[in-house]
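# Next input, structure requested:
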Amino acid sequence: MAATGSEKQGSKAFYVTTPIYYVNDAPHLGHAYTTVAGDVLTRWHRQRGEKVWYLTGTDEHGQKIMRTAEANDVTPQEWCDKLVEEAWKPLWEHLNIANDDFIRTTQKRHTDRVQEFVQDLYDKDEIYKGGYEGPYCVGCEEYKLPGDLIEAEDGTKLCAVHKRPVEILKEENYFFKLSAYGPKLLEFYEANPGFIQPESARNEVVNFVKQGLQDLSISRSTFDWGIPVPWDDKHVIYVWVDALLNYATAVGYNENPAKFEDTFPANTHLVGKDILRFHAVIWPAMLMAQGLPVPGRVAANGWLMVGGEKMSKSNLTGIKPQDLTSHFGVDAYRWYFLRAIAFGSDGSFSWEDFSARYTSELANDYGNLASRVAAMVGKYFGGELPASAAEGDAEKALHDGLAKAVEVADRKIGEELDFQGGILAIFDFVKQVNGYITEQEPWKVAKDESEEGRARLATILYTAAESLRAVAVLLNPVMPETSQALWESLGAEPSLGALATQPVQSAATWGQLPAGATITKGAVLFPRLEDPKKD
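Purely as a prediction, here's the structure:
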C-alpha cells in the first residue's frame, strides 16, 4: 500500500483514525486488530520525529444500540457508559494503545457539531425531504440493495454480512444528494489511485460507484436514539452520518480552528472492509459537499477468521483479547496478528499457530539472543560492554544487514502499511545476528587469552549488543514493553536517552551503544510457555 501525495508531512500532524466501534457488546480480536495496527503506525511516525494524532472511540447511537439496551433493561446512555468505561477503554489501556483522544458520539462536543454540519448541508440545498421503502439491516444500520442480500433455504432475504433477516422499512426521511457526487468521486479516485487500499478494495468501490449512486437517507423517524435533526426534531440523524463526522468533530471542527487546520483531514483511516463504502464513498462526498478536504487514504483491513467464519459476536466466534494476553503476554499479542496476517487480507487465527510462532520467533530467535548476549558479556567482561577493536567482513555484513532492515521496515510500516513485511525485515536481521554468533563462536574465542583473542571477543560481543540496540528501537512501536526492558538491559538508558525518542531512520547508524555501558541480564523477554489449553 503506497502512501498518497497528500500524506507528505509539513506542519500538519500525521492523523490516523480507527473506526469508532459500536458499543452493542464488548470488544473482540477483530476490533483490537485494527486498533493495534493504528497504534503501531502512529508510534512509528512518532519515532520519525513527526507530530502525530491518533483517534479512536465509540459509536453510541442508532437502532442497534437502542435494542441492545432495551434487551438489558437499561437506557441506551447507561448501556453505552457501562460498556465504554468497563470494557472498551480498559482494553485499549491493557493493550498499550497510545491514542491521543477517545471520542464518544454522545458527547456534546460531537453532537452539537454534527447538527451544525447537517444544517449547513440543508441550507446549501444538499438535503431534501422524501420517502423510502426497502430492506434494512439493523446490524449494519443500513438500507440494503438487492445485490447486498443472500437467500436462506426458506427464501428469506438475509444480510450478507450478518446472515440475519432484513426488515422492510418504510418511512419519511431526509436525503443527501449523494447521486450528484458519483462523477466527482470517480474523477477523484482516478487522480488519487492510492486513496483506497488495497487495490482489490479500490476496484470494488470504483465499480460500485460506476453503477450509479442513489441519494442517501440521512435521517430516521421510527426511533429516537440519535442526534435530532436540527430543523425537524421528529427525525434523528442517520447513525452513519453521525459516526463519520467524528473524524472532524474530534479535532475541532467549527470549534477550534487552529486544531482543525493542524490536524484535519486524516492521513489514514483504518477500517474494516465491511464498512469501506461508508468511508470511501459517503464520507468524501459529504466533505466535498461542505468544501472540506478529503482524507489521504482509506485502508481496509481484512477479516479475522475462526473456523472459516468472520470473527464477530453475532457469529459466536468473538474471542476476548485477554484470553490470549493472559497466556502469551501483551507484546506478543500485539506482534502476532500483524506478523501472521498481511494487512488488507483476510487471515485465520488459531491458538496453535500463535504458539508455534511465539516459540520459534519470539522465544528462540529473539528472546534467546538477548539472553545469550547479556550472559556472555557478564561472563567474559564482568557485565561491562567492551569496545569493538577488530572488525572485519563479518561485522560489515551485519552493518549492511541492519541498514537494509531499517530501510525496508521504515518503508513498509511507515508508508505502505505492510506491517507483516516490516516485521519480517526486522526479524530477518535478528536471524542474521544469531547466525553471526553461531559462526563466530565467541565461547571458543574466549579460550584465546592473547591480546588479539580478547580484541576479537570484544568485537563479537559489542557487535551483537549494538545489533540488539537497533532491534529494540525498531521493535518499540510493535512491542513497547519488551523493547524497553531490552533497552535498559543494554545500558542504553540513560546514556542514549529514552527509547521512545530514538528515530527509527537512524537506528542503522552504527556504534551508538557506548563502550563501558553496563549490560545486565534481566528477566527473559519471552519465557517458555506451558502447552496451551484451548477453552
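
# need the next SSE after the lowest-mean-pLDDT helix or strand in the chain, C-terminal direction.
Lowest by mean pLDDT, DSSP states H and E among the helices and strands of the chain is strand 309-310, with a mean of 57. Using DSSP states H and E, the helix or strand that follows strand 309-310 in sequence is helix 321-328.

# Please save the CA atoms from that next one in CSV.
The C-alpha trace of helix 321-328 is given here as CSV (Å, rounded to 0.1, in the frame of the first residue of the first chain):
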residue,chain,number,x,y,z
PRO,A,321,-8.1,-10.4,23.6
GLN,A,322,-7.5,-11.1,27.3
ASP,A,323,-7.9,-14.8,26.6
LEU,A,324,-4.6,-14.5,24.7
THR,A,325,-2.7,-11.9,26.6
SER,A,326,-3.1,-13.8,29.8
HIS,A,327,-1.2,-16.7,28.2
PHE,A,328,1.2,-15.1,25.7
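
# what packs against it?
When contacts are defined as 3 or more C-beta pairs under 8 Å, 6 or more residues apart in numbering; DSSP states H and E, helix 321-328 sits against helix 29-46, helix 89-94, helix 330-340, helix 351-357. C-betas here are computed from N, CA, C, even on glycine.

# Now those in CSV, please, with extra columns for mean pLDDT and distance to S371.
Listed next are the helices and strands packed on helix 321-328 as CSV, based on pLDDT from 0 to 100; distance: least, C-beta to C-beta, whole Å:
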stretch, mean pLDDT, distance to S371
helix 29-46, 96, 25
helix 89-94, 98, 26
helix 330-340, 97, 16
helix 351-357, 94, 19
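
# Can you add mean neighbour count and distance to P442 and give the ones you listed back as TSV?
Formatted as TSV, those follow (neighbours: other C-beta atoms under 10 Å; distance: least, C-beta to C-beta, whole Å):
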stretch	mean neighbour count	distance to P442
helix 29-46	24	33
helix 89-94	16	39
helix 330-340	23	28
helix 351-357	15	28
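
# between those helices, which gets nearest to V138?
Closest approach to V138 among these (C-beta to C-beta): helix 29-46, 19.3 Å.

# Show me what stretch 77-95 is in contact with.
For stretch 77-95, the external contacting residues (C-beta atoms under 8 Å, 6 or more residues apart in numbering) are 21, 23, 25-27, 32, 35-36, 39, 56, 58, 60, 65, 68-69, 72, 74, 99, 102, 104, 106, 321-322, 325, 330, 333-334.

# Quick check: buried residues in the longest helix seen in the chain?
Ranked by number of residues, the top helix in the chain under DSSP state H is helix 451-475. Applying a neighbour-count criterion of 16 or more other C-beta atoms under 10 Å, one finds 454-475 buried in helix 451-475.

# Need the CA coordinates for the helix or strand just after that helix. CSV is fine.
For helix 451-475, the following helix or strand on the C-terminal side (DSSP H and E) is helix 480-489. Output of helix 480-489 as CSV, limited to C-alpha atoms (Å, rounded to 0.1, in the frame of the first residue of the first chain):
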residue,chain,number,x,y,z
PRO,A,480,7.0,-1.4,23.7
GLU,A,481,7.3,-3.3,27.0
THR,A,482,9.9,-5.9,25.9
SER,A,483,11.7,-3.3,23.9
GLN,A,484,12.0,-1.1,26.9
ALA,A,485,13.3,-4.0,29.0
LEU,A,486,15.9,-4.8,26.4
TRP,A,487,16.9,-1.1,26.1
GLU,A,488,17.5,-0.9,29.8
SER,A,489,19.4,-4.2,30.0
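
# what angle separates helix 480-489 from helix 330-340?
110 degrees (axes from the mean of the first three to the mean of the last three C-alpha atoms, to 10 degrees).

# Rounded mean pLDDT for helix 480-489, please.
For helix 480-489, the mean pLDDT works out to 97.

# How about that helix, which residues are buried there?
Those would be P480, T482, S483, Q484, A485, L486, W487, S489, for helix 480-489 by 16+ other C-beta under 10 Å.

# Now do that helix and helix 29-46, the angle between them.
Helix 480-489 runs at 40 degrees relative to helix 29-46, counting by the same axes, to 10 degrees.

# Check which helices and strands helix 480-489 sits against.
Using 3+ C-beta pairs under 8 Å, 6+ apart, the elements in contact with helix 480-489 are helix 330-340, helix 368-381, helix 451-475.

# Quick one, which of those helices gets closest to E416.
Minimum separation from E416 across those (C-beta to C-beta) falls at helix 330-340, 13.1 Å.

# For S495, grab the count of nearby residues.
Using other C-beta atoms under 10 Å, S495 has 13 other residues around it.

# likewise A498?
Other residues within reach of A498 by the criterion other C-beta under 10 Å amount to 11.

# packing partners for whichever strand or helix holds D410?
Element membership of D410 [criterion: DSSP H and E] is helix 393-414. When contacts are defined as 3+ C-beta pairs under 8 Å, 6+ apart, helix 393-414 packs onto helix 29-46, helix 419-440, helix 451-475.

# related to what we said a few turns ago, would you write out the PyMOL command that picks the buried residues out of the contacts of stretch 77-95?
Command for PyMOL that selects the buried part of the contacts of stretch 77-95, burial taken from 16+ other C-beta under 10 Å:
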select buried, resi 21+23+26+27+32+35+36+39+56+58+60+65+68+69+99+102+104+106+321+322+325+330+333+334
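
# and the gap between the residue of the chain most remote from its centre and A390?
Using C-alpha atoms, centre = their mean, the residue of the chain lying farthest from its centre is S450. It sits 52.8 Å away. Going from S450 to A390 by C-beta to C-beta, to the nearest Å gives 12 Å.

# still on that earlier bit, could you check the angle helix 393-414 makes with the longest helix of the chain?
0 degrees.

# begin at 111 from here
Got it, the first residue is 111 from now on, which makes the last one we talked about helix 561-585.

# Now do helix 561-585 against helix 478-491: the angle between them, please.
Angle of helix 561-585 versus helix 478-491, following the same axes, to 10 degrees, is 150 degrees.

# Could you give the separation of helix 561-585 from the chain centroid?
Centre-to-centre, helix 561-585 and its host chain are 33 Å apart (C-alpha atoms, centre = their mean, to the nearest Å).

# Show the secondary-structure elements that it is packed against.
helix 478-491, helix 503-524, helix 529-550, helix 552-555, helix 590-599.

# Could you list the buried residues of the fourth one?
Residues of helix 552-555 classed as buried under the neighbour-count rule (16+ other C-beta under 10 Å) are P552, V555.

# what does that helix rub up against?
So helix 552-555 is contacted by M486, Y490, G563, R566, L567, I570, L571 (C-beta under 8 Å, 6+ apart).

# Columns pLDDT on top of those residues, output as TSV?
As requested, the contacts of helix 552-555 are exported to TSV (pLDDT from 0 to 100):
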residue	pLDDT
M486	98
Y490	97
G563	95
R566	97
L567	97
I570	98
L571	98
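
# State the pLDDT value of the closest residue to N377 other than its chain neighbours.
Spatial nearest neighbour of N377, chain neighbours left out: G406 (4.3 Å); criterion: C-beta to C-beta, 6 or more residues apart in numbering. As predicted, G406 sits at a pLDDT of 98.

# Cheers, nothing more for now.
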